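Colleague: Predicted model and sequence below, questions to follow.
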Amino acid sequence: MGEFTSGFFMGDQTTNGRVLVVDDEADVRKVVRMTLQKAGYDVLEAENGEKAIETINSGENRLLLDILICDIRMPKINGVEAIAYFRANYPRVPVIVLTGFPDADMATSMLRQGVVDYLVKPVEGEKLRESVARAMEQRELAHL
Amino acid sequence: MMLGRAVIPPLHPGSHAVQPLTDRAVASKLAQTKVAILGAGRGGTALLDLLHLIPSIEIIGISDRDPAAPGLTRAKNLRIPVADRVEDLVYNHGVNLIMDVTGDPEVERFVQIHKRPETEALSGSTARLLWELVRHEANLQTELFHAEKLAGIGSFAAGLAHDINNPLQLIMGLAENLAEETDLKTVRAQAQEIVEAVRRTSAICRDLTQYARKSSARDETMVCLNNRLDEALKIARYAVSFHDISVRKEYEEGAAARGNPDEILHILVNLITNAVQAMEQGGGTLTLTTDHFSDGVTLRISDTGCGIEPAVQDQIFEPFFTTKEPGKGTGLGLYNVKAILTKMRGTIDVESRVDHGTAFTITFPSALEGST
């Protein structure tokens, strides 16, 4: 499976980057989309890990996705499994966990797997945007 | 200095000085116990609740000079005869043990004078001591039940956090947006969304605080089993993940049983949680069934999960038996389920096949009053 390149690095200056939000709650996806779109990101949505894998492997997303924001407790393929898949197949795409359950053991395990941030809902818009901006910097450095 | 040692003489062969009763002899003696309870206040009610659970004891009747005594209503619910007069029980030829918990010296004298010679009587301070012991045992059982329920609520943390923090995320995002939003129509719509999200969140807290409260032994009523199953499903969703689990309901309209609604809810949450945990690997179907039959109502909770090993099926209702990992189960869940059902004169049966699933069938005795 081929690693993809950010729209940012492909010279597509229309957005700050493309973010895939994976959460089983439509309400959460909606507000994350709202928050990030205001900051100039292009936002895709998936309701579970299975859909996220389908989304990332379809069309241009394989090439253009920059960041994954993923919940943990989800149906079908849960966040832990989905993140393991993404880390194995798309190691240069930074992953941010956005979960409703603050669990120190889970956070440690996720950060060891290379997750760049572990955010607990409800997260403020500014904090989310900062986290995504930092992840974008890491993405950029990974390509240098 | 050597300490003296008491010498215990051996029993002579054939000695009958100490004649332990064999199990059969004890059972036979107990089988003859036909009890009359005098006094239907707190003491009489506590005795009634305990003695009716013991198969070898038959309660011939209960009586109290106060027709409004709580034990008389309890006896009617348990289908135990209520005698109009204390005298009727004292003279009753079928009684071989009178338990007088009236605390009334006049009744005590009457019993001593008029009881049949072969009938034994417990009264006065002996009866009070017995009552205290029974009440203490009942309190311990209530505490144990509540402790197990609270321990189970600990496992709700992940589900609760999910169901509370998601609406909070919506509220946070919308509120931040409203601070900048200029379109009045959007402001109104998003404000309404916030109100709905707050309502959903507060409903979770209400459900759980109701579930966590200590149930009173006295609030028995007719309970609609279908409603309780739906409520238990809602509560169980906090404890276990229903992802990849489909729920099938096969309810008989009007299925009801007499009991404590909180205790019945706890039984159902317990059994549903176990069923879903049995399907953690690979999902499956949870089927909830209620059905009438001639002498009562059955309620069945079945799963298509991992099943129970035949070798341990006889142990699952024993206290502190668990197949769950350390720290994940108290081992008191099914023990309490059975204890509550026995109190309600119900039964529970299990059928299970490894890798095929498990079905718990509860049978409640018939009850025909209006239900809640």
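Modeller: Structure's in. What do you need?

Colleague: what's the closest non-adjacent residue to residue B:290?
Modeller: Computed as CB to CB, 6 or more residues apart in numbering or on different chains, the closest residue to residue B:290 that is not its neighbour in sequence is residue B:255, at 3.7 Å. Heads up, the C-betas are built off the backbone N, CA and C, glycines and all.

Colleague: Tell me, how many residues neighbour that neighbour?
Modeller: By other CB atoms under 10 Å in any protein chain shown, 23 other residues sit near residue B:255.

Colleague: Residue A:35 is in contact with residue B:176, isn't it?
Modeller: Yes. With contact defined as CB atoms under 8 Å, residue A:35 reaches residue B:176; the gap is 7.3 Å.

Colleague: related to what we said a few turns ago, how close does the residue nearest to residue B:290 get to chain A?
Modeller: Using CB to the nearest CB, to the nearest Å, residue B:255 is found at 31 Å from chain A.

Colleague: Ramachandran angles for that residue?
Modeller: phi -60, psi 120 (degrees, to the nearest 10).

Colleague: Next: residue B:295.
Modeller: The phi/psi pair for residue B:295 (degrees, to the nearest 10) is phi -110, psi 10.

Colleague: so what's the nearest residue to it once chain neighbours are set aside up against?
Modeller: Take residue B:295 and drop its neighbours on the chain: the residue closest to it by CB to CB, 6+ apart is residue B:366, 5.5 Å away. Residue B:366 makes contacts with B:294, B:295, B:296, B:297, as judged by CB atoms under 8 Å, 6 or more residues apart in numbering or on different chains.

Colleague: Report the spatially nearest residue to the third one, omitting neighbours in sequence.
Modeller: Sequence neighbours aside, residue B:366 is the residue nearest to residue B:296 in space, at 4.3 Å (criterion: CB to CB, 6+ apart).

Colleague: For stretch A:105-113, buried residues please.
Modeller: Across stretch A:105-113, burial judged by 16 or more other CB atoms under 10 Å in any protein chain shown covers A:106, A:107, A:110.

Colleague: quick check, nearest of the residues you listed to residue B:107?
Modeller: residue A:106 (65.7 Å; CB to CB).

Colleague: Give me the mean pLDDT for whichever strand or helix holds the closest one.
Modeller: Assigning secondary structure by DSSP states H and E places residue A:106 in helix A:104-112. Averaged over helix A:104-112, pLDDT sits at 88.

Colleague: Determine the set of other helices and strands touching it.
Modeller: Judged by 3 or more CB pairs under 8 Å, 6 or more residues apart in numbering or on different chains; DSSP states H and E, helix A:104-112 is in contact with strand A:95-99, strand A:117-120.

Colleague: List the contacts of the helix or strand just after the shortest one.
Modeller: By that I understand strand A:117-120. For strand A:117-120, the following helix or strand on the C-terminal side (DSSP H and E) is helix A:125-142. Residues outside helix A:125-142 that contact it (CB under 8 Å, 6+ apart) are A:6, A:8-9, A:16-17, A:19, A:32, A:35-36, A:38-39, A:41, A:66-67, A:69, A:92-94, A:96, A:98, A:116-117, A:119, B:172-173, B:176.

Colleague: Can I get helix A:125-142 in PDB, CA atoms only?
Modeller: Output of helix A:125-142 as PDB, limited to C-alpha atoms (Å, rounded to 0.1, in the frame of the first residue of the first chain):
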ATOM      1  CA  GLY A 125     -11.800  24.400  19.800                       C
ATOM      2  CA  GLU A 126      -8.600  26.200  20.300                       C
ATOM      3  CA  LYS A 127      -6.900  23.200  21.900                       C
ATOM      4  CA  LEU A 128      -8.100  21.000  19.100                       C
ATOM      5  CA  ARG A 129      -6.800  23.400  16.400                       C
ATOM      6  CA  GLU A 130      -3.500  23.700  18.200                       C
ATOM      7  CA  SER A 131      -3.100  19.900  18.300                       C
ATOM      8  CA  VAL A 132      -3.900  19.600  14.600                       C
ATOM      9  CA  ALA A 133      -1.500  22.400  13.800                       C
ATOM     10  CA  ARG A 134       1.300  20.700  15.700                       C
ATOM     11  CA  ALA A 135       0.500  17.400  14.000                       C
ATOM     12  CA  MET A 136       0.700  19.200  10.700                       C
ATOM     13  CA  GLU A 137       4.200  20.400  11.600                       C
ATOM     14  CA  GLN A 138       5.200  16.900  12.400                       C
ATOM     15  CA  ARG A 139       3.800  15.700   9.100                       C
ATOM     16  CA  GLU A 140       5.800  18.400   7.400                       C
ATOM     17  CA  LEU A 141       9.000  17.500   9.200                       C
ATOM     18  CA  ALA A 142       8.500  13.800   8.300                       C
END
